[in-house]
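Asks: next input, structure requested:
(chains A and B)
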2 protein chains.
Amino acid sequence: MTDAGTAVQQPAASPAGGRRGRRAVDVPTLVERARDGDARAVARLISLVEDASPLLRDVAAALAPHTGHAQVLGLTGSPGVGKSTTTTALVRALRRAGKRVGVLAVDPSSPFSGGALLGDRVRMQDHAGDPGVFIRSMASRGHLGGLAWATPQALRVLDAAGCDVVLVETVGVGQSELEIASLADTTLVLVAPGMGDGIQAAKAGILEVADVFVVNKADRDGADQTVRDLRYMLSLGGRHSEAGHWRPPIVKTVAARDAGNGIDEVLAKVDQHREWLTASGEGLRRRSERAAAEIEAIAVAALRERMGDVHGSAALTSLADRVVAGETDPYRAADDLLDQL
Amino acid sequence: MTDAGTAVQQPAASPAGGRRGRRAVDVPTLVERARDGDARAVARLISLVEDASPLLRDVAAALAPHTGHAQVLGLTGSPGVGKSTTTTALVRALRRAGKRVGVLAVDPSSPFSGGALLGDRVRMQDHAGDPGVFIRSMASRGHLGGLAWATPQALRVLDAAGCDVVLVETVGVGQSELEIASLADTTLVLVAPGMGDGIQAAKAGILEVADVFVVNKADRDGADQTVRDLRYMLSLGGRHSEAGHWRPPIVKTVAARDAGNGIDEVLAKVDQHREWLTASGEGLRRRSERAAAEIEAIAVAALRERMGDVHGSAALTSLADRVVAGETDPYRAADDLLDQL
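Replies: The predicted structure is shown next:
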């Protein structure tokens, strides 16, 4: 980090960048190093996007030409279904196939959590030190809502770093399935026998987001019943019965076994799904929609920031006081606020 | 609804208003009727704001001069702590004191849910038919996120309808405590013995939002321990130890008992809190902040709508495709999008 050249000195007083201190950051050099597989450079870039550093825009611009290669796999499911074990088994199988793999764990309950840097402070022991695996927890920073913001950029870092596959692991609660579905090319939904996941899945709209169902812990009682439940629910759903649509397969796994039973079949289904994405044009459509949503989110945030400059100012306070007094209503006040932008 | 005058014909093709069909709506007359305590008019106005009717702005403008009177009480807590029972007991006590009461149940698990109209289809039997009580479930419409939008307007309807107190009941998960705290003048946080609520409360930031703690089901084992736990956690928190700050009292209740044990004490604490809000100026500050947040949210939504006109258009699609191709990055694309607004 001692390079001169285009090095940018982060102002120490910057609210977002202050945390990283005064170290000069040379974004193009960092991106070059990341592309060479330098784990520290990858970690640094992800930190920059995660911390919404003032250099975020420079990072995004420098990454853009080197993205679009990685296949993004989303993994979601309720706590206890074995997401982390499955992630470990998938990484192992992908490494055997010679793929470079990235893992983004955006699950507060994940064992990968705790502000883990790439390759260290990580309990995924058998991959620690493997230069073909990048692991990053997004759990410890900010709230979950903020992940919708940082995760696409972190994905781009791993993509530019040459990852063939990036696994994004999220806990299956609330809106996170929807987020993962909008991030991933292929979404794996994990369920386990006897957890009432079938009903929960239907409730949470998981049926709508799953491209592949994985019934993990399939050596337990009730695995076949879970498969039947899922099959029945899929038969009720409209989306998958239409011609030309992808019908989500259901694969049974025992990810905790040494051999990772069923994991190769999961990857085979993922490959089939990838082929379908390409052949149907759905893959490009999904990526384009994802980019459009991201552009919109950034634009809205930029506008909100401009209003933030207004917020706290006399203008907004005075408008708010007039609403409280019943002299105007919030809609007219919002018009007035926008007129001042 | 056969009035001529300023009656506005809703266009049948309007995406937001279509659901209500072609009925003419005379907003000023509706507001007049609501102010006279006409439950149907109140229900109709809440539907208009909930459905984001094209008349929303007219409704907001017509309500504004008649608002600011109602005291807003937020009620939150985990499922099972007895929120609905407590709401019922509070309504009964407030009615005995001659107050006009509104209830907004924004809790999907509430027995008041199911698209209940005011006073009907409601299981709050002892208040059905009481013209001094308005009950509205906001549970069945849209997602929880949308409530942040509709609830302040629904509050204004009940305020304009002459409610002295409006109880807003939300389930205590995720962000909803924060939402309720930003809506309410006084926030009651309900806990029950032996539910591990103490720890959960600390986790969820409930300590920060509570103005009054209610330990309900206080006839159960462990009630005193729960009170001690809360007291201990409050002693650790910074906010409440400062001079001039409100120190949240802890009240034990058995809301399910006929007499609603402890409910009068809860209301006494609420009154004390109200006096403190007035004396300290905090009440006006909270209402002003609430209005400012609402104005900002409406302004952001308006901007998003303008972008929505762009979304799906050739411009955004083309920008998104260029991001996918790595020809630009989402930040530059967002700038381009904003330039087109």
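Asks: what's the helix or strand for residue A:168?
Replies: Assigned by DSSP states H and E, residue A:168 belongs to strand A:165-171.
Asks: helix or strand with the lowest mean pLDDT in chain A?
Replies: Sorting the helices and strands of chain A by mean pLDDT, DSSP states H and E puts strand A:8-9 at the bottom, at a mean of 36.
Asks: what lines up beside the strand holding residue A:168 in the sheet?
Replies: Strand A:165-171 pairs in its sheet with strand A:71-77 (parallel), strand A:101-106 (parallel), by DSSP bridges.
Asks: tell me the mean pLDDT for the shortest one?
Replies: Summarised as a single mean, pLDDT over strand A:101-106 is 88.
Asks: ok now that strand, how far from the chain's centre?
Replies: Strand A:101-106 has its C-alpha centroid displaced from the chain centroid by 8 Å (C-alpha atoms, centre = their mean, to the nearest Å).
Asks: can you pull the alpha-carbon coordinates of it into PDB?
Replies: Coordinates of each C-alpha in strand A:101-106 appear next as PDB, following Å, rounded to 0.1, in the frame of the first residue of the first chain:
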ATOM      1  CA  VAL A 101     -14.700 -20.800  -5.500                       C
ATOM      2  CA  GLY A 102     -15.900 -17.800  -3.500                       C
ATOM      3  CA  VAL A 103     -18.200 -18.100  -0.400                       C
ATOM      4  CA  LEU A 104     -20.200 -15.100   0.900                       C
ATOM      5  CA  ALA A 105     -21.900 -16.100   4.200                       C
ATOM      6  CA  VAL A 106     -24.600 -13.500   4.800                       C
END
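Asks: C-terminal to that strand, what's the next element?
Replies: Elements were assigned by DSSP H and E; along the chain past strand A:101-106, the next helix or strand is strand A:133-137.
Asks: and what of the longest one?
Replies: Read in the C-terminal direction, the helix or strand following strand A:71-77 is helix A:83-96, with elements assigned using DSSP H and E.
Asks: helices or strands up against that next one?
Replies: Applying 3 or more C-beta pairs under 8 Å, 6 or more residues apart in numbering or on different chains; DSSP states H and E, we find helix A:83-96 packed against strand A:71-77, strand A:101-106, strand A:165-171, strand A:186-191, helix A:263-280. Any C-beta I mention is one placed from the backbone N, CA and C, and that applies to glycine too.
Asks: tell me the mean pLDDT over it?
Replies: The model assigns helix A:83-96 a mean pLDDT of 91.
Asks: now do stretch A:51-67
Replies: Stretch A:51-67 carries an average pLDDT of 88.
Asks: quick revisit: which among the strands paired with strand A:165-171 is found nearest to residue B:294?
Replies: Closest of the strands paired with strand A:165-171 to residue B:294 is strand A:101-106, at 30.6 Å (criterion: C-beta to C-beta).
Asks: returning to what we had before: make a markdown table out of the helices and strands packed on helix A:83-96 and add distance to residue B:29 and mean neighbour count.
Replies: Output for the helices and strands packed on helix A:83-96, formatted as a markdown table (distance: least, C-beta to C-beta, whole Å; neighbours: other C-beta atoms under 10 Å in any protein chain shown):
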| stretch | distance to residue B:29 | mean neighbour count |
| --- | --- | --- |
| strand A:71-77 | 51 | 27 |
| strand A:101-106 | 52 | 28 |
| strand A:165-171 | 50 | 26 |
| strand A:186-191 | 51 | 28 |
| helix A:263-280 | 54 | 17 |
